[in-house]
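S.K.: Kindly return the folded structure for what I paste below:
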Amino acid sequence: PRTNGRHRARTAKNLLLKATADGATRAVTLPASPQITWIGFSADGARFAFTNTRDTGIDLWIGESATGRAHAVSGLAVNGIFGGGCIWVGSGGQLLCMAIPPARGAAPAAPTVPTGPNVQEHRGVVAPVRTYQDLLTSAHDEALFTYHGTSQLVFVNAATAARTPLGTPALFSRALPSPDGQYVLVTTLTTPFSRLVPYDDCAQTIAVWDRGGAVTKTIATLPVADTVPNGGVQPGPRAVRWQPGTPATLAWAEALDGGNPKTVVPARDRVVTSAAPFSAAPVELAKTEFRFAGIAWTTRGVALLTENDRTKRWTRTWVIDRPGATPRKLWDRSAEDTYGHPGTPVRQEGASGLHVGFLETNAGQTRPVPLTRP
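M.R.: Modelled structure (predicted):
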């Protein structure tokens, strides 16, 4: 509560910049007694930024890669409840941060007397729910969650530290700028809250905003996911992400079985894409026989689509060269076969963090293998 950050977070005590050309190191200007929780380079590599947790808050620091000199952005209190709190935008001239609203006031006090009995109703809907810990348990918990979770989205100029608010404060759990920096994918938690599932299964709205804070497209309005069967998924768009390597294209998965794994269907999910200005119908990229498990993209725009069968413990990965192309099977194996694991994707860090190939191990030697089409 003192810092408006996560109770358990990994922290770094020191930072050094090392040049890949000659191995020379540069010291980074650091605050006293640093507690660094997030670090990120701008897309062009000219700047870096990190957040530092003090006793009473979280600060944003911006530095120059060439010199290591860094400074705090004064007057900006980062809200670290839902993660790092800041992310670089576009080519790297700005950051988008979740900030504590300046006029937030004091936290709501606990009531001195109960506001009423704790009543939960069941209206005959089959809803097998896992047991979770650290859930909301009262109206006061909900008030505290709203108080600490509410943020003001703000653009921060990396050169001048000037700040430009985006929209109005709300309970944002995620805000991701598009690769070209012209749109922001915003997830907003909405009431009523649930006392049976974690916050990321609460009711939420997923929408695309323009840089002025106007809603360009509402992707999904999802209810509380407290009736999802074990091993199932929420109906509607899920795993909504920007597609790397494109200016502003979204990709997401949708269940074709209502989210119920016991439903017999020829395909469990479909994966679609939608490009700015998001006025056209989504384009279907592929259907999956198993449950969609993730997608990655190479620098050439080739998709690596993974699906999993939870019952059989089986996993497949497909290569999709372009929308409409016939998927090519890359891996088809037991998810529990550790010795037969084909390798780990090699990620090229940068503006969009694209996958560029895989590590292949042979006779104890590991070498990078680019994923290219013959």
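S.K.: At the geometric centre of this protein, which residue sits there?
M.R.: Central residue of the chain (C-alpha atoms, centre = their mean): Arg174, 6.4 Å from the mean position.
S.K.: what's the host helix or strand of it packed up against?
M.R.: Assessed by DSSP states H and E, Arg174 sits inside strand 172-177. Where contact means 3 or more C-beta pairs under 8 Å, 6 or more residues apart in numbering; DSSP states H and E, strand 172-177 is packed against strand 86-89, strand 94-99, strand 151-157, strand 183-189. Every residue, glycine included, has its C-beta placed from N, CA and C.
S.K.: Now tell me what touches the last one from outside.
M.R.: The reference is to strand 183-189. 96, 149, 153, 166-167, 170-178, 199, 202-211, 216, 219, 240-242, 248, 250, 276 (C-beta atoms under 8 Å, 6 or more residues apart in numbering).
S.K.: So in that sheet, which strands flank that strand, and in what orientation?
M.R.: Strand 183-189 has the following strand partners under DSSP bridges: strand 172-177 (antiparallel), strand 204-210 (antiparallel).
S.K.: List the buried residues in stretch 82-97.
M.R.: Buried residues in stretch 82-97, counted by 16 or more other C-beta atoms under 10 Å: 82-90, 92-97.
S.K.: and which of those residues is nearest His122?
M.R.: Phe82 (30.4 Å; C-beta to C-beta).
S.K.: check contacts around the closest one.
M.R.: 98, 149, 172-174.
S.K.: Check the residues you listed and tell me the two furthest apart.
M.R.: Top of the distance list for those (C-beta to C-beta): Gly149 and Arg174, 11.7 Å.
S.K.: confidence score at Val119?
M.R.: On the pLDDT scale, Val119 is placed at 78.
S.K.: wait, Glu360
M.R.: The model's pLDDT for Glu360 equals 37.
S.K.: cool, and Gly301?
M.R.: Here, the pLDDT recorded for Gly301 equals 87.
S.K.: give me the number of residues near the residue nearest to it when sequence neighbours are not counted?
M.R.: Closest residue to Gly301 apart from its sequence neighbours, by C-beta to C-beta, 6 or more residues apart in numbering: Gly245 at 5.5 Å. Applying other C-beta atoms under 10 Å, we find 16 residues neighbouring Gly245.
S.K.: do the same with Leu16
M.R.: 9.
S.K.: Tell me the pLDDT of the residue lying closest to it once chain neighbours are set aside.
M.R.: Leaving aside its sequence neighbours, Leu16 sits nearest to Thr25 (C-beta to C-beta, 6+ apart; 5.1 Å). If you check Thr25, the pLDDT there is 93.
S.K.: any idea how far Thr25 lies from Ala32?
M.R.: Using C-beta to C-beta, to the nearest Å, one obtains 21 Å as the distance from Thr25 to Ala32.
S.K.: And the furthest pair within the buried residues of stretch 82-97?
M.R.: Within the buried residues of stretch 82-97, Phe82 and Gly93 form the most distant pair, 24.2 Å apart (C-beta to C-beta).
S.K.: Quick one: residues contacting the residue nearest to the centre of the chain.
M.R.: Taking C-beta under 8 Å, 6+ apart, we find Arg174 in contact with 82-83, 185-187.
S.K.: For the residues you listed, could you give me JSON lines that also reports pLDDT and distance to Ala225?
M.R.: Listed next are the contacts of Arg174 as JSON lines, based on pLDDT from 0 to 100; distance: C-beta to C-beta, whole Å:
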{"residue": "Phe82", "pLDDT": "93", "distance to Ala225": "17"}
{"residue": "Gly83", "pLDDT": "87", "distance to Ala225": "20"}
{"residue": "Leu185", "pLDDT": "98", "distance to Ala225": "19"}
{"residue": "Val186", "pLDDT": "98", "distance to Ala225": "19"}
{"residue": "Thr187", "pLDDT": "97", "distance to Ala225": "13"}
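S.K.: quick check, His148 in a helix?
M.R.: Yes: the assignment for His148 is a helix, going by DSSP: H, G, I helix; E, B strand; the rest coil.
S.K.: wait, doesn't it sit right on Asn4?
M.R.: Yes: with contact defined as C-beta atoms under 8 Å, His148 reaches Asn4; the gap is 5.8 Å.
S.K.: Between the two, which has more neighbouring residues?
M.R.: Asn4 (24 against 17).
S.K.: Now do the contacts for the more buried one.
M.R.: 57-58, 77, 79-81, 100, 148.
S.K.: mind listing the helices for the protein?
M.R.: In the chain, the helices defined using DSSP state H lie at 139-149.
S.K.: So, low pLDDT: which residues of this protein?
M.R.: 348-374 (pLDDT under 70).
S.K.: So which of the contacts of Phe82 is surrounded by the most neighbours?
M.R.: Ranked by neighbour count (other C-beta under 10 Å), the contacts of Phe82 have Met98 at the top, with 26 neighbours.
S.K.: Show me the beta-bridge partners of that one.
M.R.: Met98 forms beta bridges with Leu153, as assigned by DSSP bridges.
S.K.: ok, it touching Leu153?
M.R.: Yes: the pair Met98 and Leu153 qualifies as a contact (C-beta under 8 Å) at a distance of 6.4 Å.
S.K.: hang on, the earlier thing: what's the closest of the buried residues of stretch 82-97 to Ile39?
M.R.: Taking the buried residues of stretch 82-97 together and measuring to Ile39 by C-beta to C-beta, the closest member is Gly84, at 8.7 Å.
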